[in-house]
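Peer 1: need a structure here:
(one chain, ligands or ions: 2)
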Amino acid sequence: METKTRSESKADQKTNLQRTLVLAKPDAVHRGLVGQIINRFEERGLAMMGLRLLQMDARLAEKLYEPHVGKTFYPPLVEYMTSGPIVAMVWEGVEAISIIRTMLGATNPAQANPGTIRGDFAQRVDRNIVHGSDSPESASREIPIFFEASQLMPGHPAHTTWL
Ligand code: DAT
Ligand code: MG
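Peer 2: Ligands and ions are numbered 1, 2, ... in the order given. So this is what the prediction gives:
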């Protein structure tokens, strides 16, 4: 597979190529929705740069959700996220962080628009099937929780030239 490093070109700096962490949560895996979730990102032209199936333990969940420690929903959130296997992914694309957040839909699926992943596949805020980093700072903090550098594709896929 050909990969191209385009990061030195001026045009590329303008396009704001970003990487973001997506998790298909335990209910997405259990309900067999992972393929459809991946398909949506592929159709949008985003590029998968890392992929892992794993079961989170409490330590990992605490790292990911450190900003939510102390909130009332935090203990059940950790229980949910550690209850079964998840699929962790890194996706890359132009403005990928906001594109993916928009594609996920509102945190509470009851308020998520139809056409979004949560709006199409979920009902409850405590079973909202996907996670996506909410900012470049969050993506930089969250990706290394799940991926070592050697587990991520280097460079950029050649097809991004056409997007
Ligand atoms: P998001 O996942 O959209 O970034 P968040 O970071 O505010 O949302 O919260 C992290 C997760 O915590 C969210 O996906 C589901 C859960 N959560 C958030 N608010 C909640 C609430 N009011 N009740 C139950 N679970 C909640
Ligand atoms: Mg969040």
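Peer 1: sketch out the low-pLDDT regions of this structure for me.
Peer 2: Across the chain, the ranges flagged by pLDDT under 70 are 1-14.
Peer 1: so which residues of it form strands?
Peer 2: Here the chain has its strands, by DSSP state E, at 3-4, 17-24, 47-54, 86-94, 130-132, 156-157.
Peer 1: the fourth one pairs with which strands, and in what direction?
Peer 2: In this case it means strand 86-94. strand 17-24 (antiparallel), strand 47-54 (antiparallel) (DSSP bridges).
Peer 1: how about residues contacting the last one?
Peer 2: The contact list for strand 47-54 (CB atoms under 8 Å, 6 or more residues apart in numbering) reads 19, 29, 38, 41-42, 85-93, 143, 146-147, 151-153, 156-157, 159-160. Yep, even glycine has a C-beta here, placed from its N, CA and C like the rest.
Peer 1: swap in the first one?
Peer 2: Here strand 17-24 makes contact (CB under 8 Å, 6+ apart) with 7, 33-34, 37, 41, 49, 86-97, 100, 129-133, 136, 138-139, 142-143, 145-146, 152, 156, 160.
Peer 1: list, out of these, those positioned next to ligand 1.
Peer 2: When CB under 6 Å from any ligand atom is applied, the members of the contacts of strand 17-24 adjacent to ligand 1 are residue 131.
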